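Q: model this:
(chains A, B and C)
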Amino acid sequence: MAEEASKRIHFPIHSLIDVIKARRQGLEIAIAMGFPQAEANKVAVVISELGRNIELYAGEGSITLTTYTGRGGYIEVVAEDRGPGIPDLDLVLDGGYTTSNGLGLGISGSRRLMDEFEIQSTVGQGTKIRALKRLR
Amino acid sequence: MEAMELSEIPAIQKLENLLLVAVPRDLTDDDVLRLRRQILQETRRYRSHWVLLDFSRVDICDSFFGRFIQSTARMARLMGADVIVSGLQDAVVETMVDLGMTLPHIHAVLDLDDALALSRENQPLNQSMDGRDADEPSASSASSANESMGWETSDVGWAEV
Amino acid sequence: MTTKEELRARIAQLEQAQMQAAALYQISRDLAAARNEEELLQILAWPTMETEASRVSLMYIDLDPSGEPEWAKTVASWDRQDTTTTAAGTRYHLPEYPLARLWMADPYEPQLISDVTADERVDEEILELLIQDNDRALATIPMSQAGQWVGLAFLSWNEPHEFGEEEKEIYRALTGLLPPVVHNRRLLIERERSVIEKLYEISRNLNVANSEDDLLQALAQPAVEAGASGANLAYIDLDEDGEPEWGKIVAAWQREGPPPAPVGTRYYLPDTSSTRTWLSHPEEPVLITDVVTDTDEREDKNLNGMPVHSDASALAIIPLTLAGRWVGLVTLYWDEPHEFSEQEVEIYNALISMAAPAVEGQRLAAEAHARAEELAALNELGQVLTTRLDVEGVLEEAYRQASRLVDTTNFYLALYDPDENEVILAIDVIEGDLTKPYVTWKNRQGFAEYVIRNREPIIAQNTYTDWADKKGVGVHKRASLSGKGVRVPLSVLAVPMVVGEEVLGMIAVRDYDDPRAYDEHDKKLLSAIASQTAIALQNAQLFDNLERMVEQRTAELRESVEEKTRLQQEIIEAQQRAIQELSTPVIPIMERIIVMPLIGSIDTMRAKDITRSLLRGIGEHRAKVVILDITGVPIVDSGVADYLNKTIQAARLKGARTIVTGISDAVAETIVDLGIDWSGIETLADLQTGLIAALNSLGIRLTREHLNR
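A: Predicted structure coming up:
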């Protein structure tokens, strides 16, 4: 059995290149943890979506990956920024935004891909999104 | 990580009626603009009827990619060309479907061979073909996922049992 | 006659008249001073001493409804020989009695009969009666007042008698002097009788009185008959020194409109400005004929705060005292000035001693009844509380039961946690609305903290805010419901909930209108409730703890069992996954056609497996057509339809077209009933048909004959 270990990796996001870096590493980490290909792919896509949002709306922020490889293991993605925040959070979460608006699709799509999903956002102050996928 | 290898390896090639585009693994916004423009240029140059977007190298396909595919398809259609998507990996496909990105109006094939077969057997909507039935179903019209792409005769023979 | 003789005669006449006048004057004075009928008779008989009358009688006459004399009753008589032929009390029915004809011959003139045998006014019948009584001469003195007979006197002689002039004068004078005296005497007797009758009636009513209303009705009846416009009865509570402290209206009546002081109104007597008027005379009624003009030593006739109508003009206050101890008070009032008749005054005076015992008795009975009810309620409280073992239930029940005993419109209950030294507000009732805030009070100096710390109940009232300030207790202000301003309670009663050495919390009630809402009795009641609640609460908490301990143990046990099962589960899951991979095989039947038969129910996990299996299969076999056979899938609901949809979408993205076969009738029905949209999905009845279609799509035409060979 793998040792119980908790690791945390922090990715500052200033540009799309940082997003690409983060998602690629995320994919590798997820596969290394034992996630099936498709599930690891979802983690990477979530990192990509959230990272793109940070770059697009806030300019800069961070993505932090936390992994836990014990029993009940998981990988957690936390995307934070001090951007303009999300007004109409309910609309966004329901996917009510049209596909032309990347923000909506990115967040509602990400929610579908993960097991746990949380948003904290204050208009004018910033956003923090936390998503978690469990190893089964 | 380096920027896209567009300038180094010719990622767009013409093959018969097809314009082959090997979509790079990671695309930034600027990369997308450049690639798209290039695709349109080449389409016009070669008067291609088909643009094949091959995603064999893409292992992370997010909604951004989805938008890229849709916009490219729309623009290509304006230029008289239809878009085919190929080479989508299993994991990518699963994620795309979960995201709700099913690319409804875009052909999808397994690989280059099938893409070629498709391009040989069908003509896009705005081009008339000789020797074909007038009421042939057109591949580029809005079709449901499973619309028959068959016709009466085939090259594939089958021995009668 | 000569002039001198004439003059002498005249002087003699005058002297005679003078003497007569003097005699008459004497008689009239004596009559006025007569205290009873006997004395009247004596006055009558006096002039007859000289005349040697053998009998004198005085009778009163009763009239019938039409005003005619009906009965004559002897009220006094005198007999020279003291025989009792006409005893006092004898009644004569005048219309029938023969002698009446003689008696009643003239209402104003005496009838003088010198010799009965020789008088034409005496007929045979009358004569017989007279001779029987040995009456030979007779004089009747009629008494009429205002045209009506009031009485009669007569004198009789055994011998024929000559009536002298003086005598006649006297008799004539008496017809004028006697009637008023007799009339008044009779009125007095009537009145006395009626007063006695009235008092008797009141007393009887007091005896059968069952309620305060009955009492008031009995006591106020004479006043009501005399035109009173309102009446009320108040009980008086004494303080420790025996002085009146509280007055409480227990019954009220008003002729028109609602009473100014309804039942339940309380007066704090040391404060009330009109107490001096009210309680000034414990031994006699206070009668004020006209509030405005009545002047006597009571300067302070302040009606403010008295339970009378603001228009009251006349007042009667009847103190109810027993051996000098105040028991209660009856207040009667008129809305116009009222002259109290002598009868009224007599009655009111009599009521003082008559009513007090009855009122006291009623009050004691009522109090005993109330105490009994309280005891019963407390008993029930105890019983009910023991049936609840949950803390919340105990608290709710305590509030409910307390509401039966005290006014809990504004009530709160707080629990005390000794470990954290915190007070937690568990129940808060504001104007009857109950909430359970479970708010922790930290660093608060309120009544709750005071009572819990000191383990002593307190009543804070009237000078409440002063008291609170002195004791360092914070005043809990509450915004009034109407939203205007902040209200501070005027009275608070708080008691701790104590069991043995432990303080579990406290209970309190507040009043925002009455500065003296709670007394010792209320404190005792609430304390009783609190101690019952404390016991039940302790039990519930112990039970709670016990439950929690049991739960913990059970959880611990479960965890260790879970660990074991988890390991087992992991093994099983791995096996299952392997099996699942086997059970969702992809069968290539021809080039570019694969069949995937699904067997068993499809859940989320399995659906993912199926999709992955299929995608892998499409890639491996380069399938262009997938036949997904669901014959073996028993349940197809909207969830399963959804999974299938997703699978088909995924297959398409890999360039494969999917045909679903094997839909049973039942499944078809379900899909339609559930409104699942499968219009985009190609479905065919069975594998064979599916196969033909698959081949078709690849450009291969086969007929059924081909397949069946």
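
Q: what's across from the closest residue in space to residue C:67 that isn't next to it in sequence in the sheet?
A: Nearest in space to residue C:67, with sequence neighbours left out and distances taken as Cβ to Cβ, 6 or more residues apart in numbering or on different chains, is residue C:148 at 5.9 Å. Placement of C-beta: from N, CA and C, glycine included. Residues in a beta bridge with residue C:148, per DSSP bridges, are residue C:145.

Q: Residue C:148: how many residues sit nearby?
A: Look at residue C:148: counted by other Cβ atoms under 10 Å in any protein chain shown, it has 15 neighbours.

Q: Does stretch C:552-561 reach chain A?
A: No - applying Cβ under 8 Å from any Cβ of the partner chain, one finds stretch C:552-561 separated from chain A by no less than 12.8 Å.

Q: can you map out the helices along chain B?
A: For chain B, the helices defined by DSSP state H occupy B:29-46, B:63-78, B:90-99, B:112-121.

Q: closest to residue A:68 out of these?
A: With Cβ to Cβ as the measure, helix B:90-99 is the member of these nearest residue A:68 (22.5 Å).

Q: That closest one packs against which elements?
A: On a contact count with 3 or more Cβ pairs under 8 Å, 6 or more residues apart in numbering or on different chains; DSSP states H and E, helix B:90-99 meets helix A:37-53, helix A:102-113, helix B:63-78, helix C:604-621, helix C:638-653.

Q: Residue B:46: what's it in contact with?
A: Residues in contact with residue B:46 (Cβ atoms under 8 Å, 6 or more residues apart in numbering or on different chains) are B:14, B:19.

Q: Same check on the one 10 residues further on?
A: The contact partners of residue B:56, by Cβ under 8 Å, 6+ apart, come to B:22, B:86, B:87, B:89, B:111.

Q: top of the residues you listed by neighbour count?
A: Among these, residue B:86 has the most neighbours (other Cβ under 10 Å), with 24 neighbours.

Q: Who are the contact partners of it?
A: B:52-56, B:108-112, B:114-115, C:655.

Q: Swap in 7 Å and give it another go.
A: Counting by Cβ atoms under 7 Å, 6 or more residues apart in numbering or on different chains, residue B:86 makes contact with B:52, B:54, B:55, B:109, B:110, B:111, B:112, B:115.

Q: How much space separates it from chain A?
A: Using Cβ to the nearest Cβ, to the nearest Å, residue B:86 is found at 18 Å from chain A.

Q: Could you confirm residue C:166 falls within a helix?
A: Yes - assignment of residue C:166 by DSSP: H, G, I helix; E, B strand; the rest coil places it within a helix.

Q: If you count contacts, what does the helix or strand that contains residue C:460 end up packed against?
A: Per DSSP states H and E: residue C:460 is located in strand C:458-461. The contact analysis (3 or more Cβ pairs under 7 Å, 6 or more residues apart in numbering or on different chains; DSSP states H and E) places strand C:458-461 against strand C:491-499.

Q: switch the cut-off to 10 Å
A: If contacts are counted by 3 or more Cβ pairs under 10 Å, 6 or more residues apart in numbering or on different chains; DSSP states H and E, strand C:458-461 sits against helix C:447-454, helix C:464-471, strand C:491-499, strand C:502-511, helix C:520-583.

Q: what's the longest one packed up against?
A: For helix C:520-583, the helices and strands in contact under the criterion 3+ Cβ pairs under 10 Å, 6+ apart are helix C:342-387, helix C:391-405, strand C:411-417, strand C:458-461, strand C:491-499, strand C:502-511, strand C:593-599, helix C:604-621.

Q: Those residues of the stretch 551-700 of chain C touching chain A, which are they?
A: Counting by Cβ under 10 Å from any Cβ of the partner chain, the stretch 551-700 of chain C comes close to chain A at C:563, C:566, C:567, C:570, C:573, C:577, C:605, C:608, C:609, C:611, C:612, C:615.

Q: actually chain C, sorry about that
A: Within chain C, the positions near chain A by Cβ under 10 Å from any Cβ are C:563, C:566, C:567, C:570, C:573, C:577, C:605, C:608, C:609, C:611, C:612, C:615.

Q: any idea how chain B splits into domains?
A: For chain B, the structural domains run B:6-127, B:134-161, going by automatic domain parsing.

Q: Please identify the most buried of those domains.
A: Ranked by mean neighbour count under mean count of other Cβ atoms under 10 Å in any protein chain shown, those are led by domain B:6-127, which reaches a mean of 19.

Q: what about it, average pLDDT?
A: What domain B:6-127 shows for mean pLDDT is 86.

Q: Kindly report the same for stretch A:52-71.
A: Mean pLDDT, stretch A:52-71: 90.

Q: hmm, that stretch in reach of chain C?
A: Yes - using Cβ under 10 Å from any Cβ, stretch A:52-71 reaches chain C at residue A:71.

Q: Any idea how far that stretch is from the middle of the chain?
A: 5 Å (Cα atoms, centre = their mean, to the nearest Å).

Q: what distance separates the start and the end of it?
A: Using Cα to Cα, to the nearest Å, one end of stretch A:52-71 lies 32 Å from the other.

Q: Check whether that stretch comes near chain B.
A: Yes - Stretch A:52-71 is in contact with chain B by Cβ under 10 Å from any Cβ, via A:52, A:55, A:56.

Q: what about residue C:328, which SS state?
A: strand.

Q: quick one: pLDDT of residue C:504?
A: Listed pLDDT for residue C:504 reads 92.

Q: Poorly predicted segments of chain A, please.
A: A:1-4, A:91-105 (pLDDT under 70).

Q: ranges for the helices of chain A?
A: Secondary structure of chain A by DSSP H: the helices cover A:16-33, A:37-53, A:89-93, A:102-113.

Q: List the buried residues for the second one?
A: Buried residues in helix A:37-53, counted by 16 or more other Cβ atoms under 10 Å in any protein chain shown: A:37-53.

Q: Show me how far it is from its chain's centre.
A: Worked out by Cα atoms, centre = their mean, helix A:37-53 lies 7 Å from the chain centre.

Q: what do you get for the first one?
A: In terms of Cα atoms, centre = their mean, the gap separating the centre of helix A:16-33 from the centre of its chain is 11 Å.

Q: helices or strands next to it in the packing?
A: Checking 3+ Cβ pairs under 10 Å, 6+ apart, helix A:16-33 ends up next to strand A:6-13, helix A:37-53, strand A:61-68, strand A:74-81, helix B:29-46.

Q: at 7 Å instead, please
A: Using 3+ Cβ pairs under 7 Å, 6+ apart: helix A:16-33 touches strand A:6-13, helix A:37-53, strand A:61-68, strand A:74-81.

Q: who's in contact with that helix?
A: Here helix A:16-33 has contacts from A:11-13, A:39-41, A:43-44, A:47-48, A:51-52, A:55, A:63, A:65, A:67, A:69, A:73, A:75, A:135, B:1, B:26, B:28-29, B:60, using Cβ under 7 Å, 6+ apart.

Q: Using neighbour counts, pick out the buried residues of that helix.
A: Going by neighbour count (16+ other Cβ under 10 Å), the buried part of helix A:16-33 is A:16, A:18-27, A:29-31, A:33.

Q: just to revisit the earlier point, can I get the helices and strands packed on helix A:16-33 in a markdown table with distance to residue C:68?
A: Output for those, formatted as a markdown table (distance: least, Cβ to Cβ, whole Å):
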| stretch | distance to residue C:68 |
| --- | --- |
| strand A:6-13 | 128 |
| helix A:37-53 | 123 |
| strand A:61-68 | 125 |
| strand A:74-81 | 122 |
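
Q: Residue C:321: which of those is closest?
A: Nearest to residue C:321 among those is strand A:74-81 (87.3 Å), distances taken as Cβ to Cβ.

Q: angle of that closest one against helix A:16-33?
A: If you take axes from the mean of the first three to the mean of the last three Cα atoms, to 10 degrees, strand A:74-81 sits at 170 degrees to helix A:16-33.
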